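A.B. asks: Below: sequence and its predicted model.
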Amino acid sequence: MTTVAVKPATMAQALTRALRDAMADDPAVHVMGEDVGTLGGVFRVTDGLAKEFGEDRCTDTPLAEAGILGTAVGMAMYGLRPVVEMQFDAFAYPAFEQLASHVAKMRNRTRGAMPLPITIRVPYGGGIGGVEHHSDSSEAYYMATPGLHVVTPATVADAYGLLRAAIASDDPVVFLEPKRLYWSKDAWNPEHPTAVEPIGRAVVRRSGRSATLITYGPSVPVCLEAAEAAQAEGWDLEVVDLRSLVPFDDETVAASVRRTGRAVVVHESGGFGGPGGEIAARVTERCFHHLEAPVLRVAGFDIPYPPPMLERHHLPGVDRILDAVARLQWEAEG
Amino acid sequence: MTTVAVKPATMAQALTRALRDAMADDPAVHVMGEDVGTLGGVFRVTDGLAKEFGEDRCTDTPLAEAGILGTAVGMAMYGLRPVVEMQFDAFAYPAFEQLASHVAKMRNRTRGAMPLPITIRVPYGGGIGGVEHHSDSSEAYYMATPGLHVVTPATVADAYGLLRAAIASDDPVVFLEPKRLYWSKDAWNPEHPTAVEPIGRAVVRRSGRSATLITYGPSVPVCLEAAEAAQAEGWDLEVVDLRSLVPFDDETVAASVRRTGRAVVVHESGGFGGPGGEIAARVTERCFHHLEAPVLRVAGFDIPYPPPMLERHHLPGVDRILDAVARLQWEAEG
Amino acid sequence: MTVMEQRGAYRPSPPPAWQPRMDPAPLLPDAEPHRVLGTEAAAKADPDLLRRLYAQLVRGRRYNAQATALTKQGRLAVYPSSTGQEACEIAAALALEERDWLFPSYRDTLAVVARGVDPVEALTLLRGDWHTGYDPYAHRVAPLSTPLATQLPHAVGLAHAARLKGDDVVALAMVGDGGTSEGDFHEALNFAAVWQAPVVFLVQNNGFAISVPLAKQTAAPSLAHKAVGYGMRGRLVDGNDAAAVHEVLSDAVRHARAGGGPTLIEAVTYRIDAHTNADDATRYRGDAEVAAWRDHDPILLLERELTGRELLDEEGIAAAREDAETMAADLRERMNRDPRLDPLDIFAHVYAEPTPQLQEQQALLRAELEAEQEGGRR
Amino acid sequence: MTVMEQRGAYRPSPPPAWQPRMDPAPLLPDAEPHRVLGTEAAAKADPDLLRRLYAQLVRGRRYNAQATALTKQGRLAVYPSSTGQEACEIAAALALEERDWLFPSYRDTLAVVARGVDPVEALTLLRGDWHTGYDPYAHRVAPLSTPLATQLPHAVGLAHAARLKGDDVVALAMVGDGGTSEGDFHEALNFAAVWQAPVVFLVQNNGFAISVPLAKQTAAPSLAHKAVGYGMRGRLVDGNDAAAVHEVLSDAVRHARAGGGPTLIEAVTYRIDAHTNADDATRYRGDAEVAAWRDHDPILLLERELTGRELLDEEGIAAAREDAETMAADLRERMNRDPRLDPLDIFAHVYAEPTPQLQEQQALLRAELEAEQEGGRR
Ligand SMILES: Cc1ncc(C[n+]2csc(CCOP(=O)(O)OP(=O)(O)O)c2C)c(N)n1
Ligand SMILES: Cc1ncc(C[n+]2csc(CCOP(=O)(O)OP(=O)(O)O)c2C)c(N)n1
Ligand SMILES: [Mg+2]
Ligand SMILES: [Mg+2]
């Protein structure tokens, strides 16, 4: 594996590099999906892979998501490590039966004899002006399906590190890529550009003492921005980036909330039945006597994703987050 | 509609009667699915309907769940009110795209012009010794999909009343039938055997002062049993049967918890990302200062549904519920 | 029971249930796509129909160009152009009666407009204003379907329901070559054939699904050959020959209306533009291929037929173009007006009645909007 | 550009991309199911093979009877019998080499056992002990698939992967007539044909999907006719003629192994028993139909062929039955022993390593089990 010095890069580029390095390291890694070959994917994440590794390693499939995931299951049974691209969140739904009834269960069904090391890349979430069916946040479905890991990066470095870990995992991983961060740039961990991040560990992105914002994926930058803005109002907010929804890092999250005594869960997925309920409930179970206020949630509304011209009203923004922080019963303190 | 005096009946019989009455009342009601016609369904819930109303009204479809739900969408577009049977919980997954991308969204997509009055009957849950894929609790998926109502009866009377309401609703309703209650019997509301129950209202099945068990569907009888057993330990438990997961009856639930100050959510669906997180979170948001202890959850484990010989270890039973009640920090009280 | 006792029962015969259930031959498509323009069959085509098709094709092409231009001006979020496929789009709409239904895919805005939907309303989705911009019942046009092939079972269900109600309504469902690979395609065709539903399936085989060429999509002799596996008729037509498409479609619609059941039609055509304005087609195809298809342009084919037979002259051509320009100017003008949206609408149509939860959320947004109006967060 | 300027470009030709991509004729199945027993072709069949098939069919029938009996004794949760379909089950297994893979549906326990899986392990799922009772890699048999047709894409993927790795492995995937209606059937066949994967699809058309007869499942001339829509060969065979099934399957396996791509085979057969022990078949079919098929019994057909040609005598028949009885006695005896299960196993194989959450849950259950042992709740 080459380790060239890495300049500022986009998340999409880091993902491409992760795929490339994984393919170079292990001939069992195969990339497959709609338009991933010649075109390099509609987000260009697989750009150049078919050229470098051949069409047998990076394959344009027929247009059928259940078929893509179903054949990937068979390939994994024979020792390959398929990395499947679902073109958009809502277009992963046709593959739901394969996912829930086979991918998530095969290891268990066979008492461990038949693990399925499949990575399922799903560009997810809104904020890119996409028309209907192109902006769903579907993580609640995957979280509720035991047998899957559910991982989502928020930084360029994590995009690389977590994708490498997902591909290396012997378990199926649903790898959720926040669409609107594809073009986000940062210096990408100049010391260790190709460091692999272990799955299952949350990270404190910003330390603070007043309250904890618990978040992941596309909402991480929003929460960091909110934390900056909060300073003006006298709040010093901690921001925890979960990175992995399954497994869940109870330790890091609970430790933060025990320190701050207040928490808001932020995500753009719908609130009702969304990840926030689980997170709030488990934080409360673990930190009840440290809490000065109930754990609040700022989430997308419980509606089908709205049309682009209205999406900004749906997405949790800085103001809505700060409003929630304001409702954390500060009076009770003094 | 005939209103014969109703003797003790099973939940399956009440469901059959609800379908029959709905079909008799409204020629737009059509029943469709695998084996629903000649056979009367694998649980016999559609028994006799094809005979009484003809095969055009109660139709054996080809074996293809997406096709069943997809054609039901088209039929609803033309003014019919399809009642679709998915043979088992896990066999509804092939229809997931039709459900999430069309059934749940059509009214919204068309600004109200094209409502889809479809009832989707899904026998769900375990406890009947079924082999793999026959015992899933899939309610978390439906709860996280705005645009769907999610309803589940726990009594014979509700089976009738809620199914009638579901079919009468102008919105799509996922109607979850607890498999292991199909053969449960009760006197079925002898005064009003064919009373329609409005969707969206929880009901207190047992009043109590010590703590609230919040539950639904197959876990309702278990909670009632636990409440009886709890008396021996000095606890007077209230049991709330949600009946409708969407819309959620915050008022009834919060009122109960404010009264008792303690709550346990009980369901057999997996805990992580399951309905309990949502319920615990929203109860906590609403009742924080009334709570003596965190809202706890007793749920199925976060595993693929286990084989029949082990299912009793997975399903929340009386002991596990009482253990949770015991953890509600009673010492803190005195 | 031993073999000796059984001797009498021995019958070297085919399995009892077996009977060849139908002769597959009539279901198979011809080896070559059906053509009318430039062939002897053209003489029998109705001149009025040809002129009507021509005017609409010209309009359609102009619409595509205008809509693509609007994407560049940021007036449309995205536009999947059907330039080169206008014959399919227009013939689809014109083959239907008013009482019939159209089930378009996301690329079929032209068919939607040709069916009578207001050109601006037809773009509402792509403009990002609301999901479906038109009332589906006004012109019997289902919402443009983005999840591929998912609209096909809807068409089957609607046609079946109409038949059950005794209405002689036909549903025409449109899908791309890529869409035929989806399970929903299969299930829809199967239901249609089993129910003998009055549906016509029109596959526009335009050579690509985004970047993926047909050869990676199927190994079948043709997409029309899929029909026999469902027990329905498969038909193959030159999709750039408007007269041929109209003929084959009309025949299928008649057949369906008469109770003959569904037909699968493959129209062989080509997507001249990129997949959408956001796509770069040079990544996956060469100019020569596009050029060859430009020579087989649907407008050109029809224009030559009409002018050759003196059913159309330069004046007629100019008139058609002018009509198209007027439409385009109106479209441009109206699309340049900012639509007025009420953010609170996002809660209005999730259910017949907003749930208590949605009412709370609506109140939250209302408060935010009011605060915003008053300037600043609080 | 006006029409005048374009005149030179006018070419009344078919669309440029069009070429008939293959002759569909060789893909179409014969009008009648292929048969060997009782026909002249039987003389060419290998006597050893026929005897082997016979012994296995007799064993298979006995296995079905024994398993059904075990459901009555509560030793099996459920059993979907393949009585009447033994020829398909056995020929499927025998047509494969050891290195090949079998992808069975939930009804195909017989094929699984014929492949070498221990008869008791093959029943683990139906016994309710664990989901898949055998190690899929031991005999290259995928888990019995309950969600219908979902195993077909697995077979395609595995065959494709083997080919990519340079192994000449063939995957045989089994599905019922009802399963052909699922989208997964369609997608699997399409992928297989596009990839030219070495797969053989065997559809056992046993007339019913639970209660639903074939006529409500499809309107196709035959299920084998579906093949042409994918560009693969379709074959029709008498599913009760073990020699014919073996011949057609072996040919398809050879063809696939040689790089010729996939084949779809429809075996016309009949489910003599009810859907499962829990089903009441009298609700949806009459005795006459069953009786007709009993006359066309796979064991009977083979027995008559063998005895007629003096390849088998009463003694041989008795030996086969005795062998089957021995197997049944062993099965009964071993199935009557209570399996020993560790409840804590339910956490062991969800992931390679249990998550912290599963570890907590396992600790909870362990504590409960210990409390249970000590008697009473606390
Ligand atoms: C279920 C689903 N999967 C993927 C997509 C993303 N997608 C949009 S258009 C397209 C290609 C469609 O090709 P085709 O069916 O040939 O229609 P065409 O674009 O050529 O009109 C794809 C893959 C989608 N819209 N729906
Ligand atoms: C996806 C899915 N839907 C429904 C079922 C329930 N089910 C089990 S067997 C069966 C009938 C299967 O018929 P067929 O494919 O002909 O196989 P056979 O039972 O005749 O062997 C059905 C509907 C299922 N197992 N999987
Ligand atoms: Mg196309
Ligand atoms: Mg069958």
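C.D. replies: That came in fine, so what should we check first? Ligands and ions are numbered 1, 2, ... in the order given.

A.B. asks: quick one: the helices in chain C?
C.D. replies: Here chain C has its helices, by DSSP state H, at C:3-6, C:47-72, C:86-94, C:109-114, C:124-127, C:136-139, C:151-164, C:183-195, C:242-257, C:287-294, C:298-308, C:314-335, C:356-373.

A.B. asks: Would you map out the domains in chain C?
C.D. replies: Domain assignment for chain C, taken from automatic domain parsing, gives C:25-335, C:343-377.

A.B. asks: anything in the first one near ligand 2?
C.D. replies: Put plainly, it is domain C:25-335. No - no part of domain C:25-335 sits close enough to ligand 2 to count as contact by Cβ under 6 Å from any ligand atom; the gap is at least 11.4 Å. Just so you know, the C-beta spots here come from the backbone N, C-alpha and C atoms, and that holds for glycine as well.

A.B. asks: Tell me the confidence at the residue of the stretch 101-250 of chain C found nearest ligand 3?
C.D. replies: Nearest residue of the stretch 101-250 of chain C to ligand 3: C:G176, at 3.8 Å (Cβ to the ion). At C:G176, the predicted lDDT confidence score is 98.

A.B. asks: Please apply the same query to C:P15.
C.D. replies: Model confidence at C:P15, expressed as pLDDT, equals 79.

A.B. asks: Burial check on it, number of neighbours?
C.D. replies: Neighbour count of C:P15, defined by other Cβ atoms under 10 Å in any protein chain shown: 22.

A.B. asks: and A:T152, how many neighbours does it have?
C.D. replies: When counting by other Cβ under 10 Å, one arrives at 26 neighbours for A:T152.

A.B. asks: Can you check what pLDDT the model gives it?
C.D. replies: The predicted structure scores A:T152 at 98 on the pLDDT scale.

A.B. asks: what's the helix or strand for A:E177?
C.D. replies: In this structure, A:E177 sits in strand A:173-178 according to DSSP states H and E.

A.B. asks: In chain C, which residue sits nearest chain D?
C.D. replies: Chain D sits closest to C:G183 of chain C, with a gap of 1.8 Å, by Cβ to the nearest Cβ.

A.B. asks: Is it correct that that residue is in contact with A:Y93?
C.D. replies: No - counting by Cβ atoms under 8 Å, C:G183 does not reach A:Y93; the two are 11.5 Å apart.

A.B. asks: who has more neighbours, those two?
C.D. replies: Looking at C:G183 and A:Y93 with other Cβ under 10 Å, you find the greater number of neighbours at C:G183, namely 30 against 26.

A.B. asks: need the contact list for A:M309.
C.D. replies: When contacts are counted by Cβ atoms under 8 Å, 6 or more residues apart in numbering or on different chains, A:M309 touches C:127-129, C:339, C:341.

A.B. asks: Could you check how far it is from ligand 2?
C.D. replies: Taking Cβ to the nearest ligand atom, to the nearest Å as the measure, A:M309 falls 40 Å from ligand 2.

A.B. asks: can you check C:Q204 too?
C.D. replies: 31 Å.

A.B. asks: How many neighbouring residues does that residue have?
C.D. replies: Count around C:Q204 with other Cβ under 10 Å applied: 30.

A.B. asks: which one is it nearest to, not counting chain neighbours?
C.D. replies: Residue nearest to C:Q204 in three dimensions, not counting chain neighbours: C:C88, with 4.9 Å by Cβ to Cβ, 6 or more residues apart in numbering or on different chains.

A.B. asks: With A:A9 instead?
C.D. replies: The shortest distance from A:A9 to any non-neighbouring residue, by Cβ to Cβ, 6+ apart, is to A:W188 (4.8 Å).

A.B. asks: these two touch, right, the one you found and A:P8?
C.D. replies: Yes - taking Cβ under 8 Å as the definition, A:W188 is a contact partner of A:P8 at 6.8 Å.

A.B. asks: Give me the more crowded residue out of these two.
C.D. replies: Neighbours around A:W188 and A:P8, counted as other Cβ under 10 Å, are more numerous at A:W188. The numbers are 23 against 11.

A.B. asks: my read is that one is in a strand, agree?
C.D. replies: No - counting by DSSP: H, G, I helix; E, B strand; the rest coil, one finds A:W188 to be coil, located in no strand.

A.B. asks: Could you tell me the per-residue confidence at C:Q6?
C.D. replies: 46.

A.B. asks: Quick check: which ranges of the chain have low pLDDT?
C.D. replies: With no chain named, the answer covers chain A. Across chain A, residues meeting the criterion (pLDDT under 70) sit at A:1-6, A:332-334.

A.B. asks: Chain C, not that one
C.D. replies: Counting by pLDDT under 70, chain C shows low-confidence ranges at C:1-12, C:17-20, C:376-378.

A.B. asks: how about the most centrally placed residue in it, what does it touch?
C.D. replies: The residue at the geometric middle of chain C, judged as the C-alpha nearest the mean C-alpha position with Cα atoms, centre = their mean, is C:M174 (3.0 Å). C:M174 sits next to C:88, C:92, C:102-105, C:108, C:111, C:202, C:204 when contact means Cβ under 8 Å, 6+ apart.

A.B. asks: what's the spacing between the helix or strand harbouring A:A24 and its chain's center?
C.D. replies: Using DSSP H and E, A:A24 sits in helix A:11-25. Averaging C-alpha coordinates over helix A:11-25 and over its chain gives two centres that are 17 Å apart (Cα atoms, centre = their mean, to the nearest Å).

A.B. asks: Can you name the residues in contact with it?
C.D. replies: Taking contacts as Cβ under 8 Å, 6+ apart, the residues outside helix A:11-25 that touch it are A:1, A:9, A:29, A:31, A:43-49, A:52-53, A:57-58, A:83, A:121, A:153, A:155-157, A:159-161, A:163-164, A:167-168, A:177-178, A:181-184, A:188, A:194.
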